[in-house]
Each structure stands twice: as C-alpha cells, then as structure tokens.
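>>> My questions are about this predicted structure, shown below with the sequence.
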Amino acid sequence: MNKGKVGRIQILTMLLLAITLAWSGCAQKEEPKAPYKIGGIFAITGRASFLGEPERNSMELLAEQINAQGGVNGHPIELVIYDTEGDATKAVLNVNKLIEKDNVLAIVGPSLSGTTLAVVPIVEKAQVPLISCAASVKITTPVKKWVFKTPQTDVMAVAKIYEYMQGQGIKKIAILSVGNAFGASGREQLLQQAPDYGYEIVADEKFGPKDTDMTPQLTKIRSLNPGAIICWGTNPGPAVVAKNMRQLGIEIPLYQSHGVASKKFIQLAGEAADGVILPTGKILVAGALPDTDPQKPTLLKYIADYEAKYNIAVSGFGGYAWDGLEILAQALEKAGADRAKIREEIEKITGHVGVSGIFRFSPQDHNGLNKEEAFVMVKIVNGDWQVVQ
Amino acid sequence: MDLSSQILQYVISGITNGAIYAVIALGFTIIYNSTEVINFAQGEFVMLGGMAVIALDGNGHLPLGFSFLLAVLAVTLVGIALERFTIRPAKSSNPIALIIITVGASIFLRGLAMMFWGKDSLGLRAFTGSSPIHFGGATLIPQSLWVLGVTVVVMAALQFFYKHTITGKAMRACAFNRRAAGLVGIGVNRMVMVSFALSAAIGAAAGIVIVPITLCGYDVGIMLGLKGFCAAVLGGLGSSPGSILGGFLLGVLEALGAGLISSGFKDAIAFFVLLLVLFLRPSGLLGSKEVKRF
Amino acid sequence: MIRFLKYTWFQVGSFGLLLALVPLVVTNRYYLNVMIFIGIHTLLVVGLNLLMGYAGQISLGHAAFFGLGAYTSGVLTATYKLSPWPAMVIAVVLTVAVALLVGVPALKLTGYYLAMATLGFGIIVYICFKELVWLTGGPSGLVGIPKLSIGTVVLDEPRTYYYLVWAITLGAIVLSLNIVDSRVGRALRAIHDSEPAARASGIYTARLKIWVFVVSAIYASVAGSLYAHFITFISPSSFDFMFSIKLVTMVVVGGMASIWGAVFGAATLTVLPEVLAVFHDFDIVIFGLILMVVMIFMPQGLTRGALDLWEKYRLQRDVAGGSLSGG
C-alpha cells in the first residue's frame, strides 16, 4: 500500500517535471511572428476519400515545406483540417467551426461540388476566401466574390474529349454516368455540348456509386450500336465498366473522365484498362512531357516529394489542394493577415504555374485555367499512360 | 443484337448477382432463426471476406484455395467474437437493442477495415482465367460460374448440416422454440454462437468469390448487406428456401429493370416490386404466417 | 395525476428557459450551429419516438419524410419563388398525402416486414430525389434556397434561427407530451404491449397506427423544411438510408418511449461525431465501439440507463450507510 503511494507520487513528480520542461522548451524556442492559420476541409473518409485523403496529404506536405523555409514572411503556416465525409451537413458545421472557432484566414476545400455549394453562402456572408477542390463549373460560374477553385472544370474535360473524338470519325455516342454529383455534372455537360460537335447521344445510362455489375447497361448500349462509350465516374465503378465491356466483347472505344486518372484505375481494371482513353491533368504523364513545358519541373518536384513522404503513388487529386495552398501562400505574402486583402491578391495572380495547370485569375475568372493547358488526352497502353493527339 | 439474346444476358447477369444476394440472405436467416435479430453487420462479413483474401493473396505466395480457406476461417472467428463479446454480454431480450448493437458492430468493423486496408478499392485475379464464355448469344465470365458453384455448395452444405448433423438439428429446434429447445437440454447460447460462426463463414465465402468480378473496398458491406436483407424479407424471414428464391429474384429484377426500363431507377424498381409483394403477402413469398414483434 | 402534470410542465418550462439562455452565454456561431442541428434532429427523433417507442412500429424510412419536407420547401422557394412559410405548409400537406399512401398498406405489416417496407419506401424516395433532375437538381443538389424570415426580419443569423428551431421543437415536445398523456397515448401503449388485446378492448388499432405514422411524418417534414432553409443547399445524400438508420439509433440510444430520451439521444449522437473528430480516421471505430458498449450495458437507452445507475448508487449508499450505523 505504502509502496504504491510512493510510486504514484514519483510518477506525478516526473509528470510535472516533464510538463515544466516542455513548457520551458516551448518558451525558449522563440516564435517572433504569429502563425497564419489556414483551414482545410476535405472528404477524408467516406465515399470520396480518394479525393480527400491525397488533398489533405498534399496540403500538409506543402505547409511543412513552407515552414521549413521560414514560413510566409516569417510567419509559419498553421493548418486546421477537418473531415466532411462528403456530407453537406458536416461541411456546413466544419466551415463554421473553421471560421468561428479556429478563426482561419482562408479555407482550402471542400473536395466535392455538393459540399462546396453548401458552404458557399457561409463564406460569402462571413467574407472568408475559399479555394474549392471540386470540379463543378457551377462553383465559379457565375463568379462569387469569395470563392475560387483550382481543379479543371468538367466543361473543359468534356470539350477536350469531344474535340479529340472529332478526329476519330465518331458520330453516335453512349453515355454511362455514375449517380453522384461528379457523374451528374459530367453527364449534364456531355448532353449539353454534344450538339455543338454534331454528336448524337443514343444512350444515356447510369449506375450507382457502389454498383458492381454494369452488364445490363452495356448490353442495352451494345444493341444501340454507338461509335463510342463515354463513362463518367470515379472508382471503382468505371473499372467495373471496363471489365464488363471485355466480358461482353464490346469492341468500340471506351472514354473515361479525369475522375479515374490514377494508377488505381489501371490496377483495378487490369488488362481491361488497355485502350481506354481519357483526359487528365499533366501530372500522370509528367515524365513524358517535353522539357519546354513550363509545368514539368513543378510536377516532377510535387510527385517526388509526395511519393517520398507518403510512399504511395500520386494521383491527380492531391494537386488541387497543393495549388490551393500555394496560391494562398502567394496572396498571404503580399496581403498579410487580412481576409479581404488575401481575396484581392488571389484575383491578381496571373501565370502561377501549378500542378493542375497555369492559373490566371481575374475578377471575372475565379478558376483561372484553360483547357489547352489543363488537360492532355492519354490512352492506356500496356498498363501505362501514353499521350495521344 | 436481338431482344431475346439481350434478355438472356440480363437474366445471366441477374442470376450471378442474385446468387450473392441469396448467400447473404441465408446469413441473415441463420442468425434470425437463432436470435430473432437482424444482424446489420452481415454485409461486413462479406466485405471482410473479400478484403482478407486480397490481403492473403497479395502478401504470401499461398495457393488461392488456401487463402480462401484462411480468409473464411478468419472471418468466422470475427463472427464468433461478435457474438461472444457483444450479443452474449448484452443478455437482452430486446431485439431492437441487439439490432443497434449490430449496427454499431458494422460501423466498428468498417472502421477497422479502413484502418488496415485503406480507403481504396482493391481487386483480385480471377480464379480461372477471364476469357468470356459464349452462351446462346450471351456471354459470361468463368468467375460467374465460380460464384454459382460456391452458392450451390453453400446451400447444399447448409441443407446437409441442418438435416443430418446433431448440431444442425439442435439449431432447427432453437429456431422453432428456444425455450422448449433449452428444456430438452440444447445449449441455446452455444447454438447462437454457432449461428454467428456459420453466418460469418458463408458471408465471407460470398465475399471472396465475388471480389474478382466486383472489386472490394472497406465500404462495400453496406450495400450488399442491404440487398441481402431485402432478399431475405422478400423470400420470407426465417425460411432458407425463401432467402434463396428472394436473392435470385432480386438479382434478376435489378438486371431486367436496368436493361429494359431505366438504369437510373433500377433499385427503385426492385424495391417497388418488393413493396408490392409485401402488401400482397405480408410475410414474404415463403415466410410463415407467424410474425415477430419488437 | 395533477402533480405529475405539474411536474411535466415544470420540466418543459425549465428546459425552455435553459434553451432561451444558451445564446446569451454561447456566442460562437459554430456551437450555435451544432445546437440548431440538435434541435432539428430532436424534432425528427421526438416524432419517430412516438411511432417506435409508443406505438411500437418501426420506420427505417424516416429520412424520406425529412427529405420530402426539405425538397418541397427547397423546390418551391428556390425554383418557383414561393415564399417559405406557405411552402412549408404545402410540404406538410404533401408529406401527409405520401404518408397516408404508404402508411395505409404498410402498417398492416409488422416487425421486420414493416421495417423492410419503410426501408424500401425510403430508398425509392431517395432515388427519386436523385433521378428527377429537372425538379430536384439531381445528385448535384439544389442551390439558392432562401433563408427564412418572419415579417421583414430575415433569420440569417445562427442566433435567430436557433430560437426559431427550438421554439418549434419545444412546441413539438409539448404536443408529444400531451399526446402521450392522453387517451390516444394510452391506446398507443396498449398497441405496443399487445395489438390483439388493444383491439379487443375497443381501440381502432389500424386507424391509430396510421395516425401516429402521419404525425411523425409531419414532424419530419417540418424538420426537413427547417434544415433546407438553414443550410440553403440540399442534395440527396443527406436523405439516404444511412440517415434513417441514424435516426433510429438516436431513438434507441436516447431511450424508447421517453420524450426526454429522444432529446437526449438526438443531442448525444449529433455532438458525439463532432467530439470524436479529433481522432481523425479513427473516429468511426470509436463511434461504433461506443454505440455497442452503450447498448450492451444500457439496452433501455441512456436516459433509463443513467436513472438505473443513480438508483443503484443510492441503494448502495443507503446500504453502506445502514451497515455503518448498524456496526
């Protein structure tokens, strides 16, 4: 009994000592300037974690690098990152938390179009700059004062595919889209832009985000004899589509969206991935870019750093958050800790070379990308990407 | 391509999916019969089976058959642990509390799977080749035959177990009347544990055999569990033939709905038919008239 | 009886007072937002608890009524520019119609068959939200839902919206307490205990069950409208099958057949994920674990479980006290 008591007191003493030491350690390490607090809000878990996880990773990686180089004008960057699970309610709560509780200067994210549209009214009202990592064109069209976005829009992706297909002599197209915001937004663009290029949509089929068998849809599509199938979705559905097409012996070309632009898709679809054509940011083919490409050094550095830190293959998605924080850091450098000035400075950034493209913001354009630079068309050949013209 | 071979293709797709729904529904039925509880973690057994076999096949250089058995065994242990550490200590006769426990268990298992295997979907090589087999204008892949084969084996083994083994007979006795079974000396608690073990094992088997076709991620269990529950109710809760019938019916309905009516509404079509069936036959297609209450 | 009633009003009164004071202390909008969501969830759960706890009928499709309220309000105000209050009334009317259409045949079912029927209904409604793109905006969601206003005052501050939500929720709680304490309430509990016995003693069980189903659907619809006007953006994924399960969990964790249990369950399961967010990717594992542990040790729910623990503690204290004086 007595022994036990002594032990407890010793432990207590050591604990106190440790705390005191840690305290003094903190005090000694002088931090001359207050950190800049930046919020991050991504779908880190849940159905869109393939976006949110690399986005969080990239943002943390970049913050580390900036701080290692002395921060922004001497101010270190402090990140506060929350998980939305891809859910609108959670996104609203967390954005409020970032603004009201953590008092961040600006926010990067959310990952999804739906969650972004849900939080837009909040940041507009609270006047906090937000750089979204979501695809939908609706986020920045019409322009909202406080909202920017870094990913290429689905308008550009669709236009890129349609332009490429014009050289292939295809007239009739079948669409197969996933039943979530990404698929719905892509589908809308595919339907809307088809007449401009003189294509006829003969089938407009859908599949659920968790569906595991698309042979019924493909069987129906086959009976309508289209010249190509365009599948708009995110893994694993599109991989199943590719496999099912092999099974049914459908020989026409399969186009996919940039939503599957990662090695993961090739792993999942296996040999069925061969021959698939898709638009992607330059990141997937960074090594094969000509040396004259201004993005090449940025891309190679990002890939090397990311893979060194996390030891997993890079995807095109983490770059959205990387670009977001880089743009913020640039704006911070000129504006300091002032939300309104940060917003103004972002609008003035032109020619920033990022992962997803070259950003030229303006008061009329809060995305700042164009499709020629932001996308390349690639074809999967023997399990690897090959640029096609 | 003419309509008849199209429909044949839909039916073949439907039967492959339906076989899986049937096996999952059987898992629900086994546990329901011994506890009157719907185990919402049933889909998680399927997911764990799939993830475990991918991990085993990817790591070692074990033959696939060995990985298969090891994965089934591992998930069976999870099933036993679930019973031993959550259902039994609850000692509750309140089914709704037990159901929420299984909901909690499914969230817990899903979270663990996410921590172990990450958030991405994973794939597995087909058991025997992937070149499609042509069949009357329709095609199917060899793996579909594996799915059907395993389904038939599971059903036959279960039938044998119930009819010809003493444990199986005891379980049937528990399903009829737990108290009476206890009175004649059957260890009801042990039977509940056996039912969780069995249910986990066949769920895992289903999960393993579909991975090469459907891929597997930590969160596939929700949808599969839901479909399996739907099949079990459609066929009539507590009835094994009902579960099998319900599973195949659901699979074929979905495929035909997707192909012939609308792929966007395919699940709505399947559930609409389910509602109609329930309104006309309030205890499923082959269910008994006696219904359980909360 | 009168004492009991007075006691109940005392409870409601002090709860109301407490709620009214909260915004005076809590000025952080984040916490107010959390409180607003607790209010909306409470409204939903109180209604569902009437159905589950008192009438003994399960619904795994309650997210559908929540969604019907949200989408009717959303579409009428955002697309057709109707003013929000009439839209909310139309939403209730529509929800009642749908609840009757589904409830009349479905409530002839019992137990798991009823659970499955309501689940199926919920999924069908969810798919309609997703697929009727021209009306609902599809999976991309519906934007531009206006904020609510009373007269010329726009309720766009969390504080004002907090008062609105909790005023309505408190009204619903009072209404529920009245229902529970009336002839109808006793009849409901009779149905819960034994439907044939209830029928034999002259209760129109079928009509009563449908009545409660409709009432709980109305609660859900109003909650949906409040949700839509609060976050001004809705998308189908907020009204999926998992949300229905979450609501049932709130009812059971709080404690069935207890109005205050419903409040407690809604509050606990709304706050818990926020608190667990510090564990990042581990949060759902811990959440599942907590859910299991609570239901294993308190199968009657947290409110009853807490009361039991208190009783046990008092007993032990008394016994201990007794033995001391005896020794």
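Arrived safely. Numbering: from 1, shown residues only, chains lettered A, B, ... in the order given.

>>> As a check, name the ranges of all helices in the stretch 101-250 of chain A.
Taking DSSP state H, counting those that start in this stretch to define them, one finds helices in the stretch 101-250 of chain A at A:113-126, A:154-166, A:181-197, A:215-223, A:237-248.

>>> likewise the stretch 151-294 of chain B?
Secondary structure of the stretch 151-294 of chain B (DSSP H, counting those that start in this stretch): helices located at B:166-176, B:178-183, B:188-214, B:221-235, B:240-256, B:266-280.

>>> what does chain B have sitting close to chain A?
When proximity is defined by C-beta under 8 Å from any C-beta of the partner chain, chain B lies next to chain A at B:1, B:3, B:6, B:9-10, B:13-14, B:16-17, B:114, B:119-123, B:125, B:130, B:132, B:139-141, B:210, B:213-215, B:217, B:219-220, B:222-223, B:254-256, B:258-260, B:263-264, B:266-267. Backbone N, C-alpha and C define where each C-beta goes, glycine included.

>>> Which of those residues fall in strands?
Residues from those lying in strands, with DSSP state E as the criterion: B:139, B:140.

>>> Any quick ChimeraX command for the buried ones out of the residues of chain B next to chain A?
Below is the selection syntax for ChimeraX that covers the buried ones among those, with 16 or more other C-beta atoms under 10 Å in any protein chain shown defining burial:
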select /B:6,9,10,13,14,16,17,114,119,120,121,122,123,130,132,139,140,141,210,213,214,215,217,219,220,222,223,254,255,256,258,259,260,263,264,266,267
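
>>> before we move on, the earlier item: got JSON lines for the helices of the stretch 101-250 of chain A, with mean pLDDT too?
Written out in JSON lines, the entries for the helices of the stretch 101-250 of chain A read as follows (pLDDT from 0 to 100):
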{"stretch": "helix A:113-126", "mean pLDDT": "91"}
{"stretch": "helix A:154-166", "mean pLDDT": "92"}
{"stretch": "helix A:181-197", "mean pLDDT": "92"}
{"stretch": "helix A:215-223", "mean pLDDT": "94"}
{"stretch": "helix A:237-248", "mean pLDDT": "92"}
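
>>> among these, which is nearest residue B:51?
If you check each of those against residue B:51 by C-beta to C-beta, helix A:237-248 wins as the nearest, at 16.7 Å.

>>> Quick check: which helices or strands does whichever helix or strand comes after the closest one pack against?
Using DSSP states H and E, the helix or strand that follows helix A:237-248 in sequence is strand A:254-256. Under the contact criterion of 3 or more C-beta pairs under 8 Å, 6 or more residues apart in numbering or on different chains; DSSP states H and E, the helices and strands touching strand A:254-256 comprise strand A:228-232, helix A:237-248, strand A:277-280.

>>> among the ones you listed, which is nearest chain C?
The minimum distance between chain C and the helices and strands packed on strand A:254-256 falls on strand A:228-232, with 11.8 Å, by C-beta to the nearest C-beta.

>>> wouldn't residue B:225 be in contact with residue B:24 here?
Yes - with contact defined as C-beta atoms under 8 Å, residue B:225 and residue B:24 form a contacting pair (6.8 Å).

>>> How many residues are close by residue A:303?
By other C-beta atoms under 10 Å in any protein chain shown, 18 other residues sit near residue A:303.

>>> relative to helix B:221-235, how tilted is whichever helix or strand residue B:108 is part of?
Per DSSP H and E, residue B:108 falls inside helix B:95-117. Interaxial angle of helix B:95-117 relative to helix B:221-235 (axes from the mean of the first three to the mean of the last three C-alpha atoms, to 10 degrees): 140 degrees.

>>> so for the very next helix or strand once past helix B:95-117, what's the average pLDDT?
Going down the chain from helix B:95-117, the next helix or strand is strand B:133-135, by DSSP H and E. Confidence over strand B:133-135 (mean pLDDT, whole number) is 85.

>>> Let me know the pLDDT of the closest residue in space to residue B:88 that isn't next to it in sequence.
If the residues on either side of it in the chain are set aside, residue B:88 comes closest to residue B:189, at 6.6 Å by C-beta to C-beta, 6 or more residues apart in numbering or on different chains. Listed pLDDT for residue B:189 reads 87.

>>> Pretty sure residue B:189 sits against residue B:89.
No - between residue B:189 and residue B:89 no contact is recorded; they are 11.5 Å apart, counting by C-beta under 8 Å.
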